[in-house]
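S.K.: Need coordinates for the following:
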Amino acid sequence: MFRATRVLLQKTTTGLVGLKVNANWRNDLIHLYGETLKATQTHLPDCFYRESVEKITNFRLKVVQENEDENVVEKIINCGQVEELIEQAEDELFLIPKYAEWRLWEPPVAPKEQ
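M.R.: Numbering: from 1, shown residues only. The predicted model follows:
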């Protein structure tokens with residue numbers, strides 16, 4: 001009698017210099033996306049940047065929560081490998097407080113004439 005066994009092929013390299021495989025990619029992405037959504041609500045007023053970040057983050061979070069296969073996640077999100085998605089999420093999380101500090105939602109101030 002045949003017994004079907006499921007062979008899990010684990011990625012050994014990303015093929016990208018300096019970017020190591022993350023075996024905990026799913027939990028890391030869910031955590032980072034949750035932190036990003038908290039940060040937008042904490043740091044940003046209702047502005048286009050906040051709306052954009054929240055839409056993208058909610059979409060990506062839903063994809064990651066609904067799929068355990070990294071190939072499926074990468075195909076649906078279509079913005080690189082899961083390790084690259086982690087870097088993107090970390091970068092966004094770093095940028096949000098800077099965006100708030102610089103108040104980039106405000107129109108630029110014209111220089112005063114002398």
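S.K.: Tell me where the protein is predicted with low confidence.
M.R.: 1-9 (pLDDT under 70).
S.K.: Show me which helix runs longest in it.
M.R.: helix 82-102 (DSSP state H).
S.K.: which outside residues touch that one?
M.R.: By Cβ atoms under 8 Å, 6 or more residues apart in numbering, the list of residues contacting helix 82-102 from outside reads 14, 16, 19-22, 25-26, 28-29, 32-33, 35-36, 39-40, 43-44, 49, 53, 57, 60, 70, 73-74, 77, 79-80, 105. Quick note: C-beta positions are derived from backbone N, CA and C, even for glycine.
S.K.: Give the buried residues for it.
M.R.: Val82, Glu83, Leu85, Ile86, Glu87, Gln88, Ala89, Glu92, Leu93, Ile96, Tyr99, Ala100 (16 or more other Cβ atoms under 10 Å).
S.K.: how near is Val63 to Trp25?
M.R.: Using Cβ to Cβ, to the nearest Å, Val63 is found at 13 Å from Trp25.
S.K.: Equivalent analysis for Glu51, please.
M.R.: Taken as Cβ to Cβ, the span from Glu51 to Trp25 is 27 Å.
S.K.: between these two, which one's more packed in?
M.R.: Between Glu51 and Trp25, counting by other Cβ atoms under 10 Å, Trp25 is the more crowded of the two (19 against 12).
S.K.: Ala23: which element?
M.R.: Ala23 is part of no helix or strand when elements are defined by DSSP states H and E.
S.K.: what's the neighbour count on it?
M.R.: 10.
S.K.: Is the closest residue to it other than its chain neighbours part of a helix or strand, or is it coil?
M.R.: Leaving aside its chain neighbours, Ala23 sits nearest to Gln10 (7.3 Å; criterion: Cβ to Cβ, 6 or more residues apart in numbering). Using DSSP: H, G, I helix; E, B strand; the rest coil, the structure places Gln10 in coil.
S.K.: State the distance from Gln10 to Gly34.
M.R.: Applying Cβ to Cβ to Gln10 and Gly34 gives a distance of 25 Å.
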